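Visitor: model the following, please.
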Amino acid sequence: MSEHNSSIADLRKSYERAELNEDASHADPLQQFDQWLNEAIAAQVPEPNAMTLATVASNLRPSTRIVLIKGFDERGIVWYTNYDSRKGQELAGNPYAALQFHWVELERVVRIEGVVEKVSAEESDDYFNSRPLDSRIGAWASPQSEVITSRSVLVANAAKFGAKFLLQPPRPAHWGGYRLKPDNWQFWQGRKSRLHDRLRYTLQADAGWLRERLAP
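Guide: Residues are numbered from 1 along each chain as shown. Predicted structure coming up:
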């Protein structure tokens with residue numbers, strides 16, 4: 001093992017900021033998530049709305065990327081992207097996906113699993129029209145996940161569509177929102193001696209959420 005790899009193996013951290021127990025947690029995972037997300041925002045952690053999205057292709061190879069949560073309610077977790085991107089193509093073939101939030105400073109992780117569907121065209125239109133102009137032009141300019149020869153392709157596309165649409169670019173048909181409908185949540189709170197707190201919520205048919213403690 002190289003000296004560099006040895007130093008990585010020796011990295012240690014003791015998690016002692018908070019605890020997560022059944023008495024202090026919500027019976028509904030959405031309420032627990034709402035609390036933790038608001039606490040992450042209040043703590044001014046970097047990018048509290050950033051989440052890892054995992055999808056699986058038809059060849060069964062998983063892939064991950066960072067996306068930004070743009071809304072959530074009892075229907076699920078929402079983000080927006082290019083439907084023709086790799087993640088869009090993988091979700092078209094396999095609608096099951098997983099999300100993960102990692103708020104390092106708070107020593108917390110939230111994992112969410114479920115099935116994904118597109119949000120309505122009206123929801124996508126409303127969000128698209130709320131975006132800054134350069135972001136709306138960017139949705140037209142970037143053929144997401146496709147090979148391009150250089151950055152100049154993006155710059156040229158942005159100039160072309162900027163001139164075409166001026167201040168009113170419409171939402172591209174290939175761009176819009178997805179909603180993950182959770183059937184499994186996990187909340188992880190770092191604790192001392194690697195004896196972390198880990199609560200899982202599983203959706204039961206016609207019986208609400210089952211909350212269980214998992215060994216870390």
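
Visitor: the residue nearest to the spatial centre of the chain in helix, strand or coil?
Guide: Taking Cα atoms, centre = their mean, the centroid of the chain lies closest to M51, which sits 3.2 Å from it. Following DSSP: H, G, I helix; E, B strand; the rest coil, M51 is assigned to strand.

Visitor: with A40 instead?
Guide: At A40 the chain is in helix, as set by three-state DSSP.

Visitor: and it, what's its pLDDT?
Guide: If you check A40, the pLDDT there is 97.

Visitor: cool, P95 as well?
Guide: You'll see P95 listed with a pLDDT of 98.

Visitor: low-confidence ranges, this protein, go.
Guide: Along the chain, the model assigns pLDDT under 70 to residues 1-6, 8-17.

Visitor: before we move on, the earlier item: specify the beta-bridge partners of the residue nearest to the centre of the chain.
Guide: Counting by DSSP bridges, M51 is bridged to V67.

Visitor: check contacts around it.
Guide: Counting by Cβ atoms under 8 Å, 6 or more residues apart in numbering, M51 touches I66, V67, L68, I69, I77, W79, L99, Q100, F101. C-beta coordinates here come from the backbone N, C-alpha and C atoms, glycine included.

Visitor: one more pass at 7 Å, please.
Guide: Counting by Cβ atoms under 7 Å, 6 or more residues apart in numbering, M51 touches V67, I69, L99, Q100, F101.

Visitor: what of Q144?
Guide: N82, D84, S85.
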